[in-house]
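Trainee: Have a look at this fold, sequence not included:
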């Protein structure tokens, strides 16, 4: 990990006041603490697109530390402007699950996170996934911080987003219940129209999940595979029957060998993969719905984002 000094010339705090644990008092205390060692200013974006624009403009202007105060959504959007730059991403986790902070070993408590960011800190370079999606004439580029899914996985995220109150209150439990409901009502009936290609292999299914850290958020701390994905593990969902849910949970508890479950194909050691579908299929990244695409290119980007994780020394 790399050491950063207590005093940095410029810092920006981007906050989402709608986050489940956000309070005005916490924001004010964060600003006071950061101001002791940094030339800091605050921004209050009104949309995810504005969060991305503000972060990118700040980095272009030379801001060294950009702090995302919110849940994984605001962290995802702020980080879009920091990937492949020298700027450091700071996280003050005030969301429901705060997955990225937990995966990277950064503080899961907002007050501790502020203490780290207001002093000299250690930061680590972490990987991301570069995603390029296309549908007819439209194209988008996105960096993924900890998880992504296509088709079936994105459908679960879409369904979970329809009840934001339960999402805020129950977190992963809400997603698990939504997954079972979505399988029963929709996914078990879907035809395999999504084609996934990697390393000369090809398989058709109804969607996929990709893992590039040693844990995967959708199943809590249960991984798709044991150990480091090195660099990406891709789980292709060929079909998804409700009767196979117990087998999926059992396989994940026994060490992440989900490829042993009928209807699932697991590829290891993937550096890049492609997805194609005759009709647009939904994509999610870090729990954020992106767009419906007919083509998708995904590439592993090592050490492409710098994240503050602990107090120096």
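Mentor: It's in. This is a predicted model, so every value here is computed, not measured.
Trainee: what's the burial count for the residue nearest to residue 191 when sequence neighbours are not counted?
Mentor: In space, and not counting its chain neighbours, residue 191 is closest to residue 206: 7.5 Å by CB to CB, 6 or more residues apart in numbering. From N, CA and C alone the C-beta is placed, and that goes for glycine too. Neighbourhood size, residue 206 [other CB atoms under 10 Å]: 26.
Trainee: if I pick residue 206, what's in contact with it?
Mentor: Counting by CB atoms under 8 Å, 6 or more residues apart in numbering, residue 206 makes contact with 151-152, 187, 190-194, 237-240.
Trainee: now do 6 Å
Mentor: Residues near residue 206 by CB atoms under 6 Å, 6 or more residues apart in numbering: 151-152, 190, 192, 237.
Trainee: Between all of those, which two are separated the most?
Mentor: The span of the contacts of residue 206, defined through CB to CB, is set by 152 and 192 at 10.4 Å.
Trainee: Nearest spatial neighbour of residue 207, chain-adjacent residues omitted?
Mentor: What sits nearest to residue 207 in space, not counting adjacent residues and going by CB to CB, 6+ apart, is residue 151, at 2.6 Å.
Trainee: what about the helices in the chain?
Mentor: Along the chain, counting by DSSP state H, helices occupy 24-35, 48-60, 72-79, 99-104, 110-117, 152-161, 164-170, 172-185, 245-253.
Trainee: Average pLDDT for the fourth one, rounded please.
Mentor: Meaning helix 99-104. Helix 99-104 comes out with an average pLDDT of 89.
Trainee: And the first one, by the same measure?
Mentor: Averaged across helix 24-35, the pLDDT comes to 94.
Trainee: Provide the angle between the direction of it and the direction of helix 110-117.
Mentor: 10 degrees (axes from the mean of the first three to the mean of the last three CA atoms, to 10 degrees).
Trainee: ok, residues contacting helix 24-35?
Mentor: For helix 24-35, the surrounding residues in contact (CB under 6 Å, 6+ apart) are 11, 15, 40, 110, 114, 118.
Trainee: same thing but at 10 Å, please
Mentor: 8, 11-13, 15, 17, 23, 40-42, 44, 65, 67, 69, 90, 92, 94, 110-111, 113-115, 117-119 (CB atoms under 10 Å, 6 or more residues apart in numbering).
Trainee: For that helix, list every residue counted as buried.
Mentor: Residues of helix 24-35 classed as buried by neighbour count (16 or more other CB atoms under 10 Å): 26-27, 30-31, 33-34.
Trainee: what do you get for the shortest one?
Mentor: Within helix 99-104, the residues that qualify as buried by neighbour count (16+ other CB under 10 Å) are 99-104.
Trainee: Please name every helix or strand in contact with it.
Mentor: When contacts are defined as 3 or more CB pairs under 10 Å, 6 or more residues apart in numbering; DSSP states H and E, helix 99-104 sits against helix 72-79, strand 88-93, strand 121-135, strand 288-311.
Trainee: Equivalent analysis for the fifth one, please.
Mentor: Packed against helix 110-117, as judged by 3+ CB pairs under 10 Å, 6+ apart, are the following elements: strand 8-15, helix 24-35, strand 65-70, strand 88-93, strand 121-135, strand 288-311.
Trainee: Turn these into JSON lines, including distance to residue 275.
Mentor: Shown next, in JSON lines, are the helices and strands packed on helix 110-117 (distance: least, CB to CB, whole Å):
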{"stretch": "strand 8-15", "distance to residue 275": "31"}
{"stretch": "helix 24-35", "distance to residue 275": "40"}
{"stretch": "strand 65-70", "distance to residue 275": "28"}
{"stretch": "strand 88-93", "distance to residue 275": "27"}
{"stretch": "strand 121-135", "distance to residue 275": "9"}
{"stretch": "strand 288-311", "distance to residue 275": "4"}
